[in-house]
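Trainee: Let's see this in three dimensions:
(one chain, ligands or ions: 2)
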Amino acid sequence: MKLAVSGKGGSGKTTISGTLARLLARQGHQVLAIDGDPNPNLAIALGIGGDRGRDLAALPRDLMVDQVDEEGVKTRVLSESAGTITARYGVVAPDNVTLLVGTKVDHAGAG
Ligand SMILES: Nc1ncnc2c1ncn2[C@@H]1O[C@H](COP(=O)(O)OP(=O)(O)OP(=O)(O)O)[C@@H](O)[C@H]1O
Ligand SMILES: [Mg+2]
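Mentor: Ligands and ions are numbered 1, 2, ... in the order given. Now for the predicted structure:
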């Protein structure tokens, strides 16, 4: 089962995502949570606090590569399997939810 949570700012997306993920993991389901917010804080909702949560690295951008098929149609695909990416970059939270941080803004740009 794949679940995506989106909606208005401050409406409780992170809270409901973290709670659902933890409840499902406690019931024995294998849960992979992916934080797609450029200001990620799903780690906190999953129970990864303090420096560990703050210092989580986001997935490198070069995991996505362009692939061109024989008809010249270009698509973006993962350069490695989802399993390999999860094993390499996943962080296991207290209730056994594995977290991937999709993107992160480290500092504001000029402009
Ligand atoms: N059911 C609820 N009842 C009361 N407060 C809640 C509830 N769910 C979330 N909150 C509180 O509302 C605030 C916003 O929640 P949350 O961070 O989960 O929203 P969000 O949609 O992820 O926000 P953002 O768009 O900034 O990422 C938090 O302070 C959270 O503790
Ligand atoms: Mg949020």
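Trainee: got the contact list for residue 83?
Mentor: The contact partners of residue 83, taken as CB atoms under 8 Å, 6 or more residues apart in numbering, number zero. Every C-beta, even on glycine, is put in place using the N, C-alpha and C of the backbone.
Trainee: pretty sure it is in a strand, no?
Mentor: No. Secondary structure assignment (DSSP: H, G, I helix; E, B strand; the rest coil) places residue 83 in helix, not in a strand.
Trainee: Just the pLDDT at it, thanks.
Mentor: Residue 83 carries a pLDDT value of 94.
Trainee: What separation do you get for it and residue 1?
Mentor: Using CB to CB, to the nearest Å, residue 83 is found at 17 Å from residue 1.
Trainee: same check, this time on residue 33
Mentor: Separation of residue 33 from residue 1 (CB to CB): 13 Å.
Trainee: which parts of the helix or strand harbouring residue 51 are buried?
Mentor: Taking DSSP states H and E as the criterion, the element that holds residue 51 is helix 50-54. Of the residues in helix 50-54, those buried under the neighbour-count criterion (16 or more other CB atoms under 10 Å) are residue 53.
Trainee: Does it reach ligand 1?
Mentor: No. Helix 50-54 is not in contact with ligand 1 by CB under 6 Å from any ligand atom; minimum separation 14.0 Å.
Trainee: What strands line up against the helix or strand just after that helix, and which way round?
Mentor: Downstream of helix 50-54, the next assigned helix or strand under DSSP H and E is strand 64-68. Sheet pairing for strand 64-68, assigned by DSSP bridges, gives strand 74-78 (antiparallel).
Trainee: looking only at pLDDT, what's the mean for the partner strand?
Mentor: Mean pLDDT, strand 74-78: 94.
Trainee: Run the chain-centre distance for it.
Mentor: Strand 74-78 has its C-alpha centroid displaced from the chain centroid by 19 Å (CA atoms, centre = their mean, to the nearest Å).
Trainee: just to revisit the earlier point, looking at residue 33 and residue 1, which is more packed in?
Mentor: For residue 33 versus residue 1, neighbours defined as other CB atoms under 10 Å are more numerous around residue 33 (24 against 5).
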